[in-house]
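Q: fold the following for me, if possible:
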Amino acid sequence: MDINIEASKYKDEVLLAPLNAKMELLPADKQLALGLMSLERLYTTYFVKYDKKGAKSFSKLLDILEQALFAGEVPELDIVEQLIDWCDQYVDKMDDGRISEWKQCAIEIIFPDYLCQFVESLAVICRQKNPFEFGDIYQIGVDLCEMYELDFLHTTEIDFMSLHDFLAMRHKDVADAVQKSREKASLYKQKKIPRQEYFEALDALDDLCSNYPEDSHLYGNLRKKTPEHPQDIILMHIEVNRIKSDILFLEQCGDFPNTELLNRLKAYRQLNMFKFS
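A: Next up, the predicted model:
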């Protein structure tokens, strides 16, 4: 089984098809808001972490879309042309062979597949508050998460961590127990404490770790070079669940301008989708 082919089929037919149907029932301005929420999540996830130079232009794009939704503003032609040039520069980067494999793959997803044509129609989209045929831009984070977890996640530091260290990053009580066990280990090696006291500290650490079975399972999944089944692609599922939550929010929230949406957008701009906490 080719996990990449199976994952893409599962993503499109099982995860995204029901969301597409629900998205199409939203009013045009809320469809645009749905796409904007997904774009906001890319700011910290990709641009701040992997491409700080591009973060300024991407932030400008987000601000333009927010102003369109909340104030009915339409960007000036020269601003749109600057953003179009910015997108074109990224497409050109794909052929110069001087960027990392990860950035190459991410650019292929973010720009040609989604942003380039969206930005070219930006003025019309903002004027009518309607993403038109680019409504599927909300899927951008799902595609990026799928690619990241399938092809690149196994290169992270988690492969070199023990379970104790992984849980210590997520839970203070485990971190304290790890520190205590290391202190006991040092004292035991110096023959300053009996072996039993050292083993008791290890037992206490193991007992604490047993309180977090879901995190232990996550640790095991993250250490696999690739998930065995599409259902195991955790990041992709987390992002799909965010979209589900966004659609429910938009179905229930009032007309724009909307303070709740503004607060949601601000929170999303600080979010890193590639973190598991």
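Q: output the lowest mean pLDDT helix or strand found in the protein.
A: helix 213-222 (a mean of 82; mean pLDDT, DSSP states H and E).
Q: after that helix comes which helix or strand?
A: Going down the chain from helix 213-222, the next helix or strand is helix 234-252, by DSSP states H and E.
Q: okay, and the closest residue to Cys87 other than its chain neighbours sits in which element?
A: Leaving aside its sequence neighbours, Cys87 sits nearest to Cys116 (Cβ to Cβ, 6 or more residues apart in numbering; 4.7 Å). Bear in mind the C-beta positions are built from the backbone N, C-alpha and C, glycine included. According to DSSP H and E, Cys116 maps onto helix 116-120.
Q: who does that helix touch, helix- and strand-wise?
A: For helix 116-120, the packing partners by 3 or more Cβ pairs under 8 Å, 6 or more residues apart in numbering; DSSP states H and E come out as helix 77-93.
Q: so, low pLDDT: which residues of the protein?
A: When residues are selected by pLDDT under 70, those of the chain lie in 1, 96-97, 153-160, 223-226, 276-277.
Q: what about Val124, how many neighbours?
A: 12 (other Cβ atoms under 10 Å).
Q: ok, it to Met23 distance?
A: Distance of Val124 to Met23, computed by Cβ to Cβ, to the nearest Å: 19 Å.
Q: just Cys116 next, same as before
A: Taking Cβ to Cβ, one finds Cys116 at 21 Å from Met23.
Q: which of those two has more neighbours?
A: Met23 (22 against 16).
Q: residues contacting the more buried one?
A: Gln31, Leu34, Gly135, Tyr138, Ile247 (Cβ atoms under 8 Å, 6 or more residues apart in numbering).
Q: quick check: the first one touching Pro131?
A: Yes - the criterion here is Cβ atoms under 8 Å, and Gln31 meets it with Pro131 at 5.5 Å.
Q: before we move on, the earlier item: may I ask which two of the contacts of Met23 are separated the most?
A: Farthest apart among the contacts of Met23 by Cβ to Cβ are Gly135 and Ile247. That separation is 12.2 Å.
Q: okay, and the common contacts of those two?
A: Common neighbours of Gly135 and Ile247 (Cβ under 8 Å, 6+ apart) are Met23, Leu34.
Q: joint contacts of Gln31 and Pro131?
A: Counting by Cβ under 8 Å, 6+ apart, nothing touches both Gln31 and Pro131.
Q: count the neighbours of Trp20 for me.
A: Check again: residue 20 is Asn, not Trp. There are 13 residues near Asn20, going by other Cβ under 10 Å.
Q: correct me, but it touches Tyr138?
A: No - assessed by Cβ under 8 Å, Asn20 is found out of contact with Tyr138, at 9.5 Å.
Q: overlap in contacts, these two.
A: By Cβ under 8 Å, 6+ apart, no residue touches both Asn20 and Tyr138.
Q: next one: Ser245 from Ile238, what distance?
A: 11 Å.
Q: quick revisit: now, which of the contacts of Met23 lie within helices?
A: Gln31, Leu34, Ile247 (DSSP state H).
Q: and those as JSON lines, adding neighbour count?
A: Formatted as JSON lines, those follow (neighbours: other Cβ atoms under 10 Å):
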{"residue": "Gln31", "neighbour count": "24"}
{"residue": "Leu34", "neighbour count": "23"}
{"residue": "Ile247", "neighbour count": "21"}
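Q: which among the residues you listed gets closest to Asn263?
A: Among those, and counting by Cβ to Cβ, the member closest to Asn263 is Leu34, at 16.1 Å.
Q: ok, for the closest one, nearest residue in space, not its chain neighbours?
A: Tyr138 (4.8 Å).
Q: now do Ser38
A: In space, Ser38 is closest to Tyr138, 4.4 Å off (Cβ to Cβ, 6+ apart).
Q: what about Tyr250, neighbour count?
A: If you look again at residue 250, you'll see it is Leu, not Tyr. Using other Cβ under 10 Å: Leu250 sits among 22 other residues.
Q: for it, which residues are in contact?
A: Leu250 neighbours (Cβ under 8 Å, 6+ apart): Leu26, Lys30, Ala33, Leu34.
Q: what about the third one, distance to Ile5?
A: From Ala33 over to Ile5 the distance is 33 Å, taken as Cβ to Cβ.
Q: before we move on, back to that, so which of the contacts of Leu250 comes closest to Gly72?
A: Out of these, the member with the shortest distance to Gly72 (by Cβ to Cβ) is Ala33, at 13.7 Å.
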